[in-house]
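Undergrad: Got a sequence here, can you build the structure:
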Amino acid sequence: MDILQSVIQYILDLGAPIVLPVIMVLIGLGFGVGIRKAFSAGLLLGIAFTGMGVILGFMFGAIAPASESFVKNTGINLTAIDLGWTPTAAIAWAWPYAFLMFPVQIAINLVMLAMNWTKTLSVDMWNVWNKVLTGVLIAGISGSVPLAFVFCAIQVVWELKQADWSVNLLEENTHIPGVALPHSLFFEWIFFVPLNRLLDQIPFFNQRRFDPETIREKIGVLGENHVIGFGVGILIALFARYDMKATLTLGIQAGTALTLFPMVARLFITALMPIADGAKDFMAARFPGRQFYIGLDWPFTAGLSSIWVAAILNVPILLLWSVALAPLGNIALPFGGIMALCSTIPAAIITRNDVVRTTILTWISQPLWILAANYFAAPITDLARSVQTVTIPENVQYITWISMESPSWRLTATTVANMFTKGELFPGIILAPLLAIIFFYSSRLLKEEDRKSAIALGKTVEA
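TA: Model prediction:
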């Protein structure tokens, strides 16, 4: 058992830019695309992941100092430091049962495929850690490891189902056919879909589109990515009270990032097309009449400009939310997850890359992420100290993750687990049925949106 755990840990330590391309090469060979095409596709996928990481690191390095300056200017005292996803993942992987999540996810996926309960084959083994994190939090808060695995299994199921329900919507956005998104960060579609429908009822929104292409048609060069990025960077610098040089520098840096993101996103398209075509031909020959999709990590959606415009604009708004909610008990200081990609990505997909709608949806949903960051601050800190994979400075009271993926699910799962283990009925007895009602109502709306995308793509849909 220890040997297996060591092997899996070694593979995980290689990182997503190595692990996922290797998996993709093996899948390509399995689908019969040939060694040259499979190797080229896998290598290019690794380059795309690495390129995305480089730009994200560059962008975060530019934005983080501005956010720190803003916090200093406000004089607020927030004691839970947001470290982002990387330290949180390190804490999750230190759980003794973490490696068991691989066979759990694979087994559930294969059973669902065999029973025709899903059309998505998830190859995103890297983000197994998201299920591990759910298990760690449930086990840490409720004390029950079996319940942790039960809820993790439920998470695997809903990730696959949401991937099925949104595959055409993703194709309309990314122009990559046959690729799905079984990722936990997409779960907030359960709120974004009805909220987007609500915007449809407001005249200002139902008469206008604010996707990058439409914006460019209306205002010309002012709608170009590099110009939008420059303007947003200037805005962030003003919030931080930068001098002229620093303000212009941040503007150029933000414009650079917003220009490069779509370029790197095109690498994902080039890398994935041969595999997607091979998978389609392979499955069509062996399972006539059935469709199958390849489930991947979120970066293949990175070509949506609204993700990055909203992410940059998230910085001052998330900080303002943190300040505004401090009198009500907020202790979370945004830092590692300051751009809140966990909200901008699903919002951009749901709104079909509408910049204004994506920004609005992320802004109004941020209190949910702040609530989750506060709720999980103590257990994440306790776990970090117990596994000692993250060093917490002595002057830091708590660490947390303010852009936690699927916060509504994890809040509900942990409180429901406490109902079984500790007899604490509140708030689980309210959250569980409420989340279930929203999930099933919104799933109908998501399927309708996916059907619209299928029609827009010229596909034949069932009556």
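
Undergrad: got the contact list for the closest residue to Thr174 other than its chain neighbours?
TA: Counting by CB to CB, 6 or more residues apart in numbering, Thr301 is the residue found nearest to Thr174 once chain neighbours are left out, at 5.7 Å. The way it works is simple: take the backbone N, C-alpha and C, and place the C-beta from them, glycine included. Thr301 sits next to 170, 173-174, 181, 265, 307, 345, 348-349 when contact means CB atoms under 8 Å, 6 or more residues apart in numbering.

Undergrad: For the stretch 101-250 of the chain, which segments count as helices?
TA: In chain order, the stretch 101-250 of the chain shows helices spanning 101-114, 128-142, 145-174, 189-200, 203-206, 212-219, 225-240, 244-286, with DSSP state H, counting those that start in this stretch as the criterion.

Undergrad: Likewise for the stretch 301-450 of the chain?
TA: Under the criterion DSSP H, counting those that start in this stretch, the stretch 301-450 of the chain contains helices at 305-325, 341-350, 355-375, 377-387, 407-421, 428-456.

Undergrad: Met125 is nearest to which of the ones you listed?
TA: Ranking those by proximity to Met125 (CB to CB) places helix 341-350 first, at 19.7 Å.

Undergrad: and the closest one with helix 428-456, angle?
TA: With axes from the mean of the first three to the mean of the last three CA atoms, to 10 degrees as the basis, helix 341-350 and helix 428-456 are set at 40 degrees to each other.

Undergrad: Quick one: which of the contacts of Thr301 is the most crowded by neighbours?
TA: Neighbours were tallied for each of the contacts of Thr301 (criterion: other CB atoms under 10 Å), and the maximum of 31 neighbours falls on Ala348.

Undergrad: Please tell me I have it right and it contacts Thr359.
TA: No. With contact defined as CB atoms under 8 Å, Ala348 does not reach Thr359; the gap is 9.6 Å.

Undergrad: Common neighbours of the two, please.
TA: Residues within reach of Ala348 and of Thr359 at once, by CB under 8 Å, 6+ apart, are 306, 310.

Undergrad: show me the residues around the most centrally placed residue in the chain that make contact.
TA: Among the residues of the chain, Leu185 comes closest to the average C-alpha position under CA atoms, centre = their mean, at 3.3 Å. Leu185 makes contacts with 298, 341-342, 345-346, 405-406, as judged by CB under 8 Å, 6+ apart.

Undergrad: how many neighbours does the nearest residue to it once chain neighbours are set aside have?
TA: Closest residue in space to Leu185, ignoring its immediate chain neighbours: Glu405 at 4.1 Å, by CB to CB, 6+ apart. The local packing count at Glu405 equals 28, with neighbours defined by other CB under 10 Å.

Undergrad: what are the phi and psi angles of Glu405?
TA: When read as degrees, to the nearest 10, the backbone of Glu405 gives phi -70, psi 140.

Undergrad: residues contacting it?
TA: If a contact means CB under 8 Å, 6+ apart, then Glu405 has 85, 130, 183-185, 187, 342 as its contacts.

Undergrad: contacting residues around stretch 28-43?
TA: Contact with stretch 28-43 is made by 21-22, 24-27, 271-272, 274-275, 277-279, 281-282, as judged by CB under 8 Å, 6+ apart.

Undergrad: isn't Thr344 right next to Thr358, touching?
TA: Yes. Thr344 is within contact range of Thr358, at 6.2 Å (criterion: CB under 8 Å).

Undergrad: Can you check which residues contact both of these two?
TA: With CB under 8 Å, 6+ apart, Thr344 and Thr358 have common neighbours 306-307, 310.

Undergrad: Save these as JSON lines, and put in distance to Lys119 too.
TA: As requested, those are exported to JSON lines (distance: CB to CB, whole Å):
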{"residue": "Ser306", "distance to Lys119": "27"}
{"residue": "Ile307", "distance to Lys119": "25"}
{"residue": "Ala310", "distance to Lys119": "30"}
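
Undergrad: Run a quick neighbour tally on the nearest residue to Asp124 once chain neighbours are set aside.
TA: Counting by CB to CB, 6+ apart, Asp124 lies nearest to Asp297, which is 4.8 Å off, once chain neighbours are set aside. For Asp297, the tally of surrounding residues (other CB under 10 Å) stands at 22.

Undergrad: how far does stretch 397-415 stretch from start to finish?
TA: 24 Å (CA to CA, to the nearest Å).

Undergrad: Which residues in that stretch does the neighbour count mark as buried?
TA: Of the residues in stretch 397-415, those buried by neighbour count under the rule 16 or more other CB atoms under 10 Å are 398-415.

Undergrad: cool, stretch 327-339 as well?
TA: Along stretch 327-339, the positions that meet the burial threshold by neighbour count (16+ other CB under 10 Å) are 330-339.

Undergrad: what does it contact?
TA: Contacts made with stretch 327-339 from outside it, assessed by CB under 8 Å, 6+ apart, are listed as 59-60, 63-64, 67-68, 71, 78-87, 311-312, 314-315, 318-319, 322, 369-370, 373-374, 377, 397-398, 400-404.

Undergrad: Give me the pLDDT for the residue lying closest to Gln397 once chain neighbours are set aside.
TA: Excluding the flanking residues, the one nearest Gln397 by CB to CB, 6+ apart is Thr79, at 4.3 Å. At Thr79 the predicted local distance difference test score is 78.

Undergrad: Also Ile350?
TA: Per-residue confidence at Ile350 stands at 97 (pLDDT).

Undergrad: Spatially nearest residue to it (excluding sequence neighbours)?
TA: Across the structure, with CB to CB, 6+ apart as the measure, the residue nearest Ile350 apart from its sequence neighbours is Phe192 (4.5 Å).

Undergrad: before we move on, back to that, ok, the contacts of Thr301 vs Val461, which is closest?
TA: For Val461, the nearest member of the contacts of Thr301 is Leu170. The distance, counting by CB to CB, is 15.9 Å.

Undergrad: OK, contacts around the closest one?
TA: Contact analysis of Leu170 by CB under 8 Å, 6+ apart lists 176, 179-181, 301, 349.

Undergrad: mind running it again at 7 Å?
TA: Contact criterion CB atoms under 7 Å, 6 or more residues apart in numbering gives 179-181, 349 as the residues in contact with Leu170.

Undergrad: what's the answer for Tyr97, then?
TA: Residues in contact with Tyr97 (CB under 7 Å, 6+ apart) are 135, 145.

Undergrad: how many neighbours does Val264 have?
TA: The local packing of Val264 (other CB under 10 Å) involves 21 other residues.

Undergrad: Please name the residues that touch it.
TA: Listed by CB under 7 Å, 6+ apart, the contact partners of Val264 are 48, 51-52, 55, 302.

Undergrad: Take those residues and lay them out in CSV including neighbour count, distance to Phe39 and secondary structure.
TA: Converted to CSV, the contacts of Val264 look like this (neighbours: other CB atoms under 10 Å; distance: CB to CB, whole Å; DSSP: H, G, I helix; E, B strand; the rest coil):
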residue, neighbour count, distance to Phe39, secondary structure
Ala48, 25, 15, helix
Gly51, 20, 18, helix
Met52, 23, 21, helix
Ile55, 20, 25, helix
Ala302, 26, 23, coil
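
Undergrad: Return the helix or strand in the chain with minimum mean pLDDT.
TA: Taking mean pLDDT, DSSP states H and E as the measure, the helix or strand of the chain with the lowest value is helix 212-219, at a mean of 61.
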